[in-house]
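Asker: Mind looking at a prediction? Sequence and model below.
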Amino acid sequence: MLDLYIPEDDHYLEGKIDVSSLLELRHLNYLDLSFNEFEIFELPNSIDSLSQLKHLKLAQANLVGSIPHQLGNLSYLQTLDLSWNFNLTVINLDWLSSLSSLRSLNLSYVNLSKVVSWPQSVSKLPSLLELQLRRNQLKGALSDFFTNMVSLDKLTKLDLSNNLFWGPFPDLKIFPSLKNVALDNNQLNGSVPESIGQLSTLEKLDLSLNSFHGVLTEAHFANLSRLNYLALGYNHLSLSFSSNWIPPFDQLEVLRLSSCDVGPAFPKWIQTLRNLTDLQIAQANISDSIPSWLRNLSSSLEILDLSYNQFHGMLPNLSPLPLLVIDFTSNELFGPLPLFPPTTSYLMVSNNSFSGSISSLCTTRLSLRALDLSHNNLSGELPNCWKQLDLNYLNLANNHFSGKLPASLSNSSSSDLILDLGNNNFSGSILPIWNIMPQIERLNLRKNNFSGEIPSLHSCDNLQFLDLGDNKISGRIPECIGRQNPPTLVVLHLQSNEFFGSIPSSLCNLQTLQVLDLSRNNLSGFVPLCFSNLTAMTLDNVTISNLRRDPYKHSTPSTNVMWKGIDTEFGANLQYLRNIDLSRNRLSGEIPESITLLKLNTLNLSRNRLTGSIPDNFNPRSKLESLDLSRNQLSGRIPASLSSLTFINKLDLSYNKLTGRIPSSTQLDGFDASVYLGNDNLCGPVLNKSCSGDDDKPDQVPDKTEGDADDDGFLSFGFYVSVAVGFVVGFWGACGSLIFQSSWRYRFFAFMTRINDQIYVTTRVMKARSQRALGAGWYVVNS
């Protein structure tokens, strides 16, 4: 026996493994190399030399290449686990049919999309008890596959989750010994048959994340007395039980009914489940108060998720429960925060109406890792107990907190911190947070009253989001923000502060930057010429792959951006946003051509002191939707390249010194005159102002100078000679023949007389017909 699997987290073996040496252990019957960090290796064709092997476990062992068919020669093999080896190549599973002793097969997270007849291969394993094919990219009608697997009558565990199976609920009765069924995260649909309630051996049932619909009644669970795991969430199911129903599964430990319709009252039958460890009933159409018996439900309850319902009233004291996760997000709860269990690691109660201070959090020494109290009515100063909480996620945004930041905030030892204190009334210095900046991944201090300068900083290499907008922070923009190695910053908001000085050129090193807002400050100097180095803003499609999602709820990070004059929140679609806003500063000089080559969605340089002309190199493939250059001192003509911006729907060039005709295009013609106000020398139809001189011509021709007034190129002396010769030849060639040839002259005038007569007769006939038609119509109307 050789077991090198180490179950502890962060402990594993690594390096190169000598497979040939293992093959010399001819009497080996148990080999487990799972979950280590070996260098990539392949299973050799001579694997069958381990002829006595009964258990082969190589899960997540960095296996590559193809599975050798010689595995089928291991006739004593009872356990085969090759799961979590993403680079394994599997063309067929025909070799499985020789493993008549196999009892457990796990190929989860191995690509089996090219395997055609996997059900037939699996059906030839008469001793199989456990079949795990999770996330294998398998697809097809599941019911059809089951017809080829009727021979597996000993099967106790079936996991086909996270694939692409479709069709109605399969017939599970063909597996009379089933204990564990996982069909979650597929594309199955239709109703769930009542016959499932007759699978008396069933202990785990997971049908979540499909498209099942219909009503589940007591009959669906009639004989499921052994059930300890039930997950039906994220389908289109409704549960309808009698008010005094007592479920037969009194040993249930996990109950997940999120998005099922179980309301409007909180289900009373849940209080009979005294062994629950995980209760998730989010978004379940419940409109009720939280029952008092919940605090005594189970001495083992660790996860409680009742979010996105309409629970109202006050939150009861939950401290008697050993909860790790508490989630009451988006309900209608009010009153002060109650005491929470000291075991709590994740506390999410945002989007409610809780009020008062949060000092109770310090009363109990919580082991919090994530705390979300955002969007409530909480107030007062923050308590000075953050060191003992050791958070890596803190969201207090959109409340009424005030005062200075407590010093204990700077004592956090967590890495990859996410801090959101936006939309409050905090004041004073941001120094307590700035001291832990090297550990921060996302920081939002927007819309507070912070003041003072930003202290110097040696490192902010983890930073991805920084929003200090709408405060009273002064001083220069720190150069260190642009010195990340490697660059990770995606969003930088410093708008509406009192920053002065020039825009640091180090910002151009932020190749990952997609949103830059420095508007409404006192910045001076030039717009940096190096903005073309902002790589993420030059790409057609940008996917933010390194952004960590918010804990537990796994929600997409979001940020607010001034979008076409409206403060707009961007969440899931943030990855496609590219925006630069330098408006309302004191920037001078010309607009660099490099900035118009970026593939931005919005560009706002308004209300500065910019001079020169508008660059004529706007990328025709740009997806620019909003361009604001108003209230500067720009001069010259409006460039024709603006007319090639097919996505633009907000444009403002007003109050500059622009001249000449406004270019015409489908996009530009759709804007009204306000776009061009304050440019007295502009003309064109949109201003109801005609252009003088050559500007009236559709095709503008450059003005001629005195020296080339008669030099028209094509209209030369030779041109006039050719015209004279052509006229003489043409006139005398036709008319001269009629003068000197009488027969030709007679025929010509006879022909013209016939044509004249024919036209006259035709005209008279048509006139007579019209008069008759009008007379008949008058008769019909008046008869």
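Answerer: In hand now; what should we look at? Residues are numbered from 1 along each chain as shown.
Asker: chain center to the one helix or strand residue 525 maps to, what's the gap?
Answerer: According to DSSP states H and E, residue 525 maps onto strand 522-526. Distance, stretch centre to chain centre, for strand 522-526: 34 Å (C-alpha atoms, centre = their mean, to the nearest Å).
Asker: And the next helix or strand past it?
Answerer: Next along the chain after strand 522-526, with elements defined by DSSP H and E, is strand 559-563.
Asker: For that next one, which strands pair with it and how are they oriented?
Answerer: strand 566-570 (antiparallel) (DSSP bridges).
Asker: Direction included, what does the strand holding residue 525 pair against?
Answerer: Sheet pairing for strand 522-526, using DSSP bridges, gives strand 498-501 (parallel), strand 586-589 (parallel).
Asker: Can you show me the CA trace of the last one as CSV?
Answerer: What follows is strand 586-589 as a C-alpha-only set of coordinates in CSV (Å, rounded to 0.1, in the frame of the first residue of the first chain):
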residue,chain,number,x,y,z
ARG,A,586,-7.3,73.4,-15.3
LEU,A,587,-5.6,71.3,-18.0
SER,A,588,-4.0,73.1,-20.9
GLY,A,589,-2.3,72.4,-24.1
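Asker: Not counting its own residues, what contacts that strand?
Answerer: Outside strand 586-589, the residues within contact range by C-beta atoms under 8 Å, 6 or more residues apart in numbering are 503, 522-527, 605, 608-612. For every residue, glycine as well, the C-beta is placed using N, CA and C.
Asker: and what of stretch 297-306?
Answerer: Counting by C-beta under 8 Å, 6+ apart, 253, 258, 270-271, 273-282, 286, 290, 318, 321-328, 331, 343 sit against stretch 297-306.
Asker: and the nearest residue to residue 460 once chain neighbours are set aside, what are its phi and psi?
Answerer: Nearest in space to residue 460, with sequence neighbours left out and distances taken as C-beta to C-beta, 6 or more residues apart in numbering, is residue 437 at 5.0 Å. When read as degrees, to the nearest 10, the backbone of residue 437 gives phi -60, psi -40.
Asker: residue ranges of the helices in the stretch 101-250 of the chain, please?
Answerer: Ranges of helices within the stretch 101-250 of the chain are 118-122, 142-146, based on DSSP state H, counting those that start in this stretch.
Asker: does residue 620 count as helix, strand or coil?
Answerer: coil (DSSP: H, G, I helix; E, B strand; the rest coil).
Asker: if I look at it, how far off is residue 640?
Answerer: 11 Å (C-beta to C-beta, to the nearest Å).
Asker: who has more neighbours, those two?
Answerer: Between residue 620 and residue 640, residue 640 has the larger neighbour count (other C-beta atoms under 10 Å), namely 13 against 10.
Asker: Identify the residues contacting that one.
Answerer: Per C-beta under 8 Å, 6+ apart, neighbours of residue 640: 616, 663.
Asker: do residue 394 as well
Answerer: Residue 394 sits in contact with 370, 371, 386, 417, 418, 419, 420, 421, where contact means C-beta under 8 Å, 6+ apart.
Asker: pLDDT at the nearest residue to the fourth one once chain neighbours are set aside, what is it?
Answerer: Yep, that's residue 417 we're talking about. Take residue 417 and drop its neighbours on the chain: the residue closest to it by C-beta to C-beta, 6+ apart is residue 440, 4.6 Å away. Residue 440 is assigned 89 on the pLDDT scale.
Asker: could you measure residue 440 against residue 142, distance?
Answerer: Separation of residue 440 from residue 142 (C-beta to C-beta): 47 Å.
Asker: now swap in residue 562 and tell me
Answerer: From residue 562 across to residue 142, the span is 49 Å (C-beta to C-beta).
Asker: Figure out which of the strands paired with strand 522-526 is closest to residue 690.
Answerer: Proximity to residue 690, assessed across the strands paired with strand 522-526 by C-beta to C-beta, is greatest for strand 586-589 (34.1 Å).
Asker: Starting from the closest one, tell me the next helix or strand along the chain.
Answerer: Immediately after strand 586-589, counting by DSSP H and E, sits helix 593-596.
Asker: Give the other helices and strands that that following helix contacts.
Answerer: Packed against helix 593-596 by the contact rule (3 or more C-beta pairs under 8 Å, 6 or more residues apart in numbering; DSSP states H and E) you find no helix or strand.
Asker: Dump the C-alpha coordinates for that helix into PDB.
Answerer: Coordinates of each C-alpha in helix 593-596 appear next as PDB, following Å, rounded to 0.1, in the frame of the first residue of the first chain:
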ATOM      1  CA  GLU A 593      -3.800  62.100 -30.600                       C
ATOM      2  CA  SER A 594      -3.000  59.000 -28.600                       C
ATOM      3  CA  ILE A 595      -6.100  59.500 -26.500                       C
ATOM      4  CA  THR A 596      -8.400  59.400 -29.500                       C
END
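Asker: I'd like the numbering to begin with 55 instead of 1 from here.
Answerer: Okay, using 55 as the starting number, the last item reads as helix 647-650.
Asker: what does it contact?
Answerer: So helix 647-650 is in contact with 581, 583, 584, 585, 586, 634, 657, 669, 671, 672, 673, going by C-beta under 8 Å, 6+ apart.
Asker: can you pull the buried residues of it?
Answerer: Residues 648, 649, 650 are the ones in helix 647-650 that count as buried (16 or more other C-beta atoms under 10 Å).
Asker: could you give the mean pLDDT of that helix?
Answerer: 87.
Asker: ditto for stretch 143-158
Answerer: 91.
Asker: could I get it in CSV with only the CA atoms?
Answerer: Below are the C-alpha coordinates for stretch 143-158, written out as CSV (Å, rounded to 0.1, in the frame of the first residue of the first chain):
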residue,chain,number,x,y,z
THR,A,143,-7.2,13.2,-23.1
VAL,A,144,-10.0,10.7,-23.4
ILE,A,145,-11.2,9.4,-26.8
ASN,A,146,-13.1,6.3,-25.7
LEU,A,147,-13.8,4.2,-22.6
ASP,A,148,-13.9,0.8,-24.2
TRP,A,149,-11.2,-0.4,-21.9
LEU,A,150,-13.6,-0.1,-19.0
SER,A,151,-15.5,-3.2,-20.0
SER,A,152,-12.7,-5.4,-18.8
LEU,A,153,-12.8,-4.1,-15.2
SER,A,154,-15.4,-6.5,-14.0
SER,A,155,-14.4,-5.9,-10.3
LEU,A,156,-14.6,-2.1,-10.4
ARG,A,157,-16.9,-0.8,-7.7
SER,A,158,-16.1,3.0,-7.8
